[in-house]
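J.: following is a predicted model, sequence given first.
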Amino acid sequence: MPIPPEVTGEEIDPDVRQELMSLPKGLAEDVSRNLVMVAQLIDEDPEKAYEYSRVALRLASRVAAVREAAGFAAYATQKYSEALAEFRAARRMSGGVELWPVMADCERGLNRPERALAMAGEPEVQKLDKAGQVEMRLVAAGARRDLGQLDAAIVTLQSPELASNAVHPWTARLRYAYADALLAAGREREAREWFAKALESDKDGATDASDRLAEMDGIEFVDAFDEDEADEESDRGDVVDVDVDDDEDDDFDEDDSDDSVGDKS
């Protein structure tokens, strides 16, 4: 896989670089450059990110950070079975619990919401930091919805984190999930209120709360580019109409016996 020359591998997270120090210097550089490509492409081109992750995996499969990156790349391309296997391997190597929520979400992706719910009740959840616990709550609520348990999903999301006025990186997603569950349950007034709260806290555009609000309010957005294009086509149509009229006038002015003019009209 080609890697742009400006990607040196130095861009990688310091903790990951520390892990790669167990490898020979040249190999560590190759692995780090591939991992940088994974990080850069995983949102905009997950399939290509996945390909780079496979290269890194072939080069250093015994490094936890590499297994984790491979897991996220597989997850981004909805290869949930492969992602789960990589996350489990990374967890065995590192001994951490940070991947517990995304592992549970892989179970959802594999149509096993019951397993995701079982993981939500395991002791590992108590070892997660606040962000990890919120993520686990989101996964558990999603599993409830997978099972058609809308009311239970709503209750799962109700928490001190949801009620708090403080804004954290996960606040918008938590409020959005709650609004979406309320809407699915037919509680439109409350849903609109929480979509508005989600939008208020969504500084990075992590959700489409603004679109959902507009949809609920019956507002339809028109792409300005499409509108301009339509106007141009309309203008061109008017010009054609005028040309046709001019041609018809010319036909009346010209001698009808002129065959060459008749061919053009």
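T.: Great, that's in hand.
J.: pull out the buried positions in the host helix or strand of residue 173.
T.: Element membership for residue 173 (DSSP states H and E) is helix 171-184. Going by neighbour count (16 or more other CB atoms under 10 Å), the buried part of helix 171-184 is 171-183. Where you see a C-beta, it was placed from the backbone N, CA and C, and this is true even at glycine.
J.: go on, stretch 61-76?
T.: For stretch 61-76, burial by neighbour count (16+ other CB under 10 Å) applies to 63-76.
J.: just how off-centre is it within its chain?
T.: How far stretch 61-76 lies from its chain's middle: 18 Å, per CA atoms, centre = their mean, to the nearest Å.
J.: so, low pLDDT: which residues of this structure?
T.: Counting by pLDDT under 70, the ranges of the chain that qualify are 220-265.
J.: the residue nearest the centre of it: what's it in contact with?
T.: The residue lying closest to the centre of the chain (CA atoms, centre = their mean) is residue 43, at 6.5 Å. For residue 43, the contact set (CB atoms under 8 Å, 6 or more residues apart in numbering) comprises residue 76.
J.: got the contact list for residue 142?
T.: Residue 142 makes contacts with 105, 108, 113, 116, 153, 177, as judged by CB under 8 Å, 6+ apart.
J.: in strands, which of those fall?
T.: Per DSSP state E, strands hold no members of the contacts of residue 142.
J.: what's the closest of these to residue 140?
T.: When the contacts of residue 142 are compared for distance to residue 140 (CB to CB), residue 116 wins out at 6.9 Å.
J.: isn't the closest one up against residue 137?
T.: No - in this structure, residue 116 is not within contact of residue 137 by CB atoms under 8 Å, at 11.8 Å.
J.: which of the two has more neighbours?
T.: Comparing residue 116 with residue 137 by other CB atoms under 10 Å, the one with more neighbours is residue 116, at 25 against 22.
J.: report the contact partners of the residue nearest to residue 62 when sequence neighbours are not counted.
T.: Once flanking residues are discounted, residue 62 sits nearest to residue 93: 7.5 Å by CB to CB, 6 or more residues apart in numbering. Each residue near residue 93 by CB under 8 Å, 6+ apart is listed here: 62, 63, 64, 67.
J.: how far away is residue 93 from residue 184?
T.: 39 Å (CB to CB, to the nearest Å).
J.: equivalent analysis for residue 77, please.
T.: Applying CB to CB to residue 77 and residue 184 gives a distance of 27 Å.
J.: try residue 125
T.: Using CB to CB, we find residue 125 at a distance of 25 Å from residue 184.
J.: likewise for residue 20?
T.: Counting by CB to CB, the separation of residue 20 from residue 184 is 45 Å.
J.: isn't residue 11 up against residue 38?
T.: No - using CB under 8 Å, residue 11 makes no contact with residue 38, being 11.5 Å away.
J.: how many other residues sit next to residue 140?
T.: Count around residue 140 with other CB under 10 Å applied: 25.
J.: which helix or strand contains it?
T.: Using DSSP H and E, residue 140 falls in helix 130-146.
J.: chain center to that helix: distance?
T.: Per CA atoms, centre = their mean, the displacement of helix 130-146 from the mean C-alpha position of its chain is 17 Å.
J.: could you find the closest non-adjacent residue to residue 192?
T.: Nearest residue to residue 192 in three dimensions, chain neighbours excluded: residue 216, at 5.4 Å (CB to CB, 6+ apart).
J.: is it true that the one you found touches residue 195?
T.: Yes - using CB under 8 Å, residue 216 is in contact with residue 195, at 7.1 Å.
J.: could the contacts of residue 142 be laid out in TSV, adding distance to residue 211?
T.: Shown next, in TSV, are the contacts of residue 142 (distance: CB to CB, whole Å):
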residue	distance to residue 211
105	23
108	24
113	27
116	27
153	22
177	16
